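Trainee: Can you look at this prediction? I've put the sequence above it.
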Amino acid sequence: MATAAIAEQSGKVVIRNIGRMLSGDLEHPILDADTIVVNDGKIIAVGKEKDCDTEGARTVIDCRGTVVSPGLIDSHVHPVAGDWTPRQNQIGWIDSSLHGGVTTMISAGEVHYPGRPKDIVGLKALAIASQRAFEAFRPGGVKVIAGAPVIEKGMVESDFAELAAAGVKLLGEVGLGSVKAGDEARQMVAWARKHGIQSTIHTGGPSIPGSGLIDKDVVLEADADIIGHINGGHTSLPYKDVCELCERSTRGIELVHNGNERISILTARHAHELKCLHRVILGTDGPAGSGVQPLGILRMIAQLASLADIPTEVAFCFATGNTARMRDLDCGLIEVGRAADFVFMDRAQHTAGKNFLESIQLGDLPGVGMVMVDGIVRCQRSRNTPPAMEVPVISH
Ligand SMILES: [Zn+2]
């Protein structure tokens, strides 16, 4: 299985002959540029080739007129250990997602850990161990931001301070543990926020036997940073309640693949009407009862572009720049200083779409031709997407 040593440096990389550059930025989702220059994993120039210093590159990538986007960010995953998940007993699910263009994953809790500890010392230990393990080990090269404790009754402010001091930056989905009341959740979310820990709340019906309903009043009262799977995971709240969450909260609106697809489409339309598309972010909520979806983020983009009237280049922002900004990540946007995490794509062979953007607007998935993380090529022609018409060529 492909693994990644994090210390590896890319040196200078020139990415040229880009046919279309998606920025990840909602304000300017398409850049008038054909070249990106990278040094040691960071973007150092973006522009027209004649205006960029392309001399002395260790690696040159000729995109042959294909599309480059920031690497996709899956805002909602449930990792356990390395590239294994007990949820469907699969190995290699993260590496498989790399082949779907995903370069960063964010844990919404290591909830599938067999025998997951629910006492306070144990849950803190698991969170810290998970944060450490995924920081030191990137399956397939994917950056997994993990160590997301599921909060339980009895936690006090010093627990959150201790977690933060140990490097924990996220809470697992609020509501998956014993804290299900709005006032109790609100207090713990506030303590987490005070200590720099971001929070996500489970929204909607129970995921599996033993978990419970989190309704709109609890979501509003808890006031977590992200309204996790607002379209349910799997079971959605009534659409009028989802609308109320969009309208009364200013927090992140997370749509997931393993949720109610109808509500996902309606919510994206509603967010557009409310002029709050900058709040929309995408996740898979995998691994889940519905399995693992290596192409889940691309499928969400195609779903929203084809059925919710979201322009393709805007739908890409939901899985890149929006998430990066909301979660304070150094990737997700094509701009100088950001991490050189990219997905290289072209329209799929034999799509009815005349070009990349149109093919997705028509509901087809794109073909991934290459994925780069921190300036290092982690895979070439995807083993999972339909084949791309054209793929980039590497020279050294
Ligand atoms: Zn959930």
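Mentor: Now that the structure is in, tell me what you want to look at.
Trainee: ok, residue 311 - contacts?
Mentor: Counting by CB atoms under 8 Å, 6 or more residues apart in numbering, residue 311 makes contact with 29, 305, 357, 361. Bear in mind the C-beta positions are built from the backbone N, C-alpha and C, glycine included.
Trainee: Among these, name the ones that also lie close to the ion.
Mentor: Among the contacts of residue 311, not one lies near the ion by CB under 5 Å from the ion.
Trainee: And the residues you listed, which is closest to residue 140?
Mentor: residue 305 (26.2 Å; CB to CB).
Trainee: surely that closest one meets residue 319?
Mentor: No - judged on CB atoms under 8 Å, residue 305 makes no contact with residue 319 at a distance of 11.5 Å.
Trainee: And the two? Which one has more around it.
Mentor: Just comparing residue 305 and residue 319: by other CB atoms under 10 Å the higher neighbour count belongs to residue 319, 32 against 25.
Trainee: pLDDT wise, what is that one at?
Mentor: The per-residue pLDDT reported for residue 319 equals 98.
Trainee: what does residue 174 give?
Mentor: As predicted, residue 174 sits at a pLDDT of 97.
Trainee: Tell me how far the residue most central in space within the chain lies from residue 249.
Mentor: A centroid search over the chain (CA atoms, centre = their mean) returns residue 74, at 2.0 Å, as the residue closest to the centre. Distance from residue 74 to residue 249, counting by CB to CB, to the nearest Å: 22 Å.
Trainee: Check residue 159 too.
Mentor: 26 Å.
Trainee: likewise residue 305?
Mentor: From residue 305 to residue 249 the distance is 25 Å (CB to CB).
Trainee: And residue 260, by the same measure?
Mentor: To residue 249, residue 260 is 19 Å away according to CB to CB.
Trainee: between those two, who's got more neighbours?
Mentor: Per other CB under 10 Å, whichever of residue 260 and residue 249 has more neighbours is residue 260, with 24 against 17.
Trainee: Next one, pLDDT for that one please.
Mentor: Per-residue pLDDT puts residue 260 at 98.
Trainee: what's near enough to touch it?
Mentor: When contacts are counted by CB under 8 Å, 6+ apart, residue 260 touches 204, 231-232, 234-236.
Trainee: most surrounded residue in the residues you listed?
Mentor: Ranked by neighbours (other CB under 10 Å), the contacts of residue 260 are led by residue 231, which has 30 neighbours.
Trainee: So this protein: which segments form each domain?
Mentor: What automatic domain parsing lists as the domains of the chain is 3-70+332-395, 72-294.
Trainee: Contact partners for residue 387?
Mentor: By CB under 8 Å, 6+ apart, the neighbours of residue 387 are 348-349, 367, 381.
Trainee: For the residues you listed, which single residue is the most surrounded?
Mentor: Highest count within these by other CB under 10 Å belongs to residue 367, 26 neighbours.
Trainee: Next, that residue: phi, psi?
Mentor: Backbone torsions of residue 367, given as degrees, to the nearest 10, read phi -100, psi 130.
Trainee: Please name the nearest non-neighbouring residue to it.
Mentor: residue 388 (2.8 Å; CB to CB, 6 or more residues apart in numbering).
Trainee: list the contacts for that neighbour?
Mentor: So residue 388 contacts 66, 345-349, 366-369, 381-382 (CB under 8 Å, 6+ apart).
Trainee: In this protein, what helix or strand scores lowest on average pLDDT?
Mentor: strand 3-4 (a mean of 52; mean pLDDT, DSSP states H and E).
Trainee: roughly how far apart are residue 329 and residue 103?
Mentor: Residue 329 is 10 Å from residue 103, by CB to CB.
Trainee: Are there residues contacting both of the two? Which ones?
Mentor: Counting by CB under 8 Å, 6+ apart, the residues touching both residue 329 and residue 103 are residue 73.
Trainee: When those two are compared, which one has more neighbours?
Mentor: residue 103 (29 against 20).
Trainee: What parts of the stretch 201-350 of the chain come near the ion?
Mentor: Going by CB under 5 Å from the ion, the residues of the stretch 201-350 of the chain near the ion are 202, 233.
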